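[1] this one's structure only:
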């Protein structure tokens, strides 16, 4: 869960924050069948002045105890994105 930086960009002028949908996953939602995370592996080559971040949250909705739909707004509202490279998990 949380924010992960995929590409710091080269003197970025564009910032992308990718947020998966319900029942999605921070990495898997953006990964091709052959295992390429396209936001990291392809996009930065075409648009190098773009900083790319992804945000993951508890999106599981398939159980009676699921809290995603109730807490999604609260979860996203609480995210304060300060574009500082040392604040994000790069792994």
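    Arrived safely, thanks for sending. Predicted model only: the values in this text are computed from it and were never measured.
[2] separation between the residue nearest to residue 56 when sequence neighbours are not counted and residue 33?
    Nearest non-adjacent residue to residue 56, counting by C-beta to C-beta, 6 or more residues apart in numbering: residue 26, 2.7 Å away. All C-beta atoms are positioned from the backbone trio N, CA, C, and that covers glycine. Separation of residue 26 from residue 33 (C-beta to C-beta, to the nearest Å) stands at 18 Å.
[3] neighbour-wise, which of those two wins?
    Neighbours were counted for residue 26 and for residue 33 using other C-beta atoms under 10 Å; residue 26 has more, 18 against 5.
[4] and that one, what does it touch?
    Taking C-beta atoms under 8 Å, 6 or more residues apart in numbering, we find residue 26 in contact with 1, 4, 20, 54-56.
[5] buried only: go through those residues for me.
    When the contacts of residue 26 are checked for burial by 16 or more other C-beta atoms under 10 Å, the buried set is 4, 20, 54-56.
[6] tell me which of the residues you listed is nearest to residue 37?
    Here the nearest of those to residue 37, counting by C-beta to C-beta, is residue 54; it sits at 8.9 Å.
[7] quick check, residue 60 in a helix?
    No. Assessed with DSSP: H, G, I helix; E, B strand; the rest coil, residue 60 is coil; it does not lie in a helix.
[8] surely it and residue 23 touch.
    Yes. Between residue 60 and residue 23 a contact is recorded at 6.5 Å, counting by C-beta atoms under 8 Å.
[9] so where's the protein shaky on pLDDT?
    Judged by pLDDT under 70, the chain has its weakly predicted residues at 63-91.
[10] which stretches of it form strands?
    Taking DSSP state E to define them, one finds strands in the chain at 2-7, 14-19, 50-56.
[11] out of these, which one sits most buried?
    Across those, the average number of neighbours (mean count of other C-beta atoms under 10 Å) peaks for strand 50-56, which reaches a mean of 20.
[12] what pairs with that strand, and is each one parallel or antiparallel?
    Applying DSSP bridges, strand 50-56 is found paired with strand 2-7 (antiparallel), strand 14-19 (parallel).
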